[in-house]
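# What follows is a protein structure lacking sequence information:
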């Protein structure tokens, strides 16, 4: 049995289907589609999700459409995406393994995130 060349050598990561120097263009696009995002929020989201950002923010037209905010950067919409598509099950998964936002988030916001995720998991289990 002949094994072919590793396909992952040239395959982009999920959401990485853009030129290596395309972060600025994607950030500008994000700011145009979702003008309620700050430059810093848009840049962080683009760096984290790339072209998958559309799946997360979708048709949101104002900050409130993203649900609860945990600190200044993390939204309920983003957390739900991580839970559904990135196997995040706990606040530690979100804050330390997926985003490193735990470095800047206070204890109160972390506790609110934990409550949100537990409630979301309970609702999903009941469905």
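Received the coordinates, thanks. The model shown is predicted, which means the values in this text are computed figures rather than measured ones.
# which outside residues touch the helix or strand containing residue 120?
Element membership for residue 120 (DSSP states H and E) is helix 107-126. Residues from elsewhere that reach helix 107-126, judged by C-beta atoms under 8 Å, 6 or more residues apart in numbering: 68, 70-71, 74, 76, 79-80, 83, 88-91, 94-95, 102, 105. Yep, even glycine has a C-beta here, placed from its N, CA and C like the rest.
# Quick check: ChimeraX command selecting the buried ones in those residues.
Listed next is the ChimeraX selection for buried residues among these, using 16 or more other C-beta atoms under 10 Å:
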select :70,71,74,76,79,80,83,88,91,94,95,102,105
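# if we can go back for a sec, starting at the chain centroid, how far to the helix holding residue 120?
16 Å (C-alpha atoms, centre = their mean, to the nearest Å).
# buried set for that helix?
109, 110, 112, 113, 114, 116, 117.
# Next: stretch 38-46.
41, 42, 43, 44, 45, 46.
# Find the nearest non-adjacent residue to the third one, please.
With sequence-adjacent residues excluded and distances taken as C-beta to C-beta, 6 or more residues apart in numbering, residue 43 is closest to residue 27, at 5.1 Å.
# Counting neighbours, what do you get for residue 104?
13 (other C-beta atoms under 10 Å).
# With residue 101 instead?
Neighbours of residue 101 (other C-beta under 10 Å): 21.
# Would you confirm that residue 69 contacts residue 75?
Yes. Contact status for residue 69 versus residue 75: in contact at 5.5 Å, counting by C-beta atoms under 8 Å.
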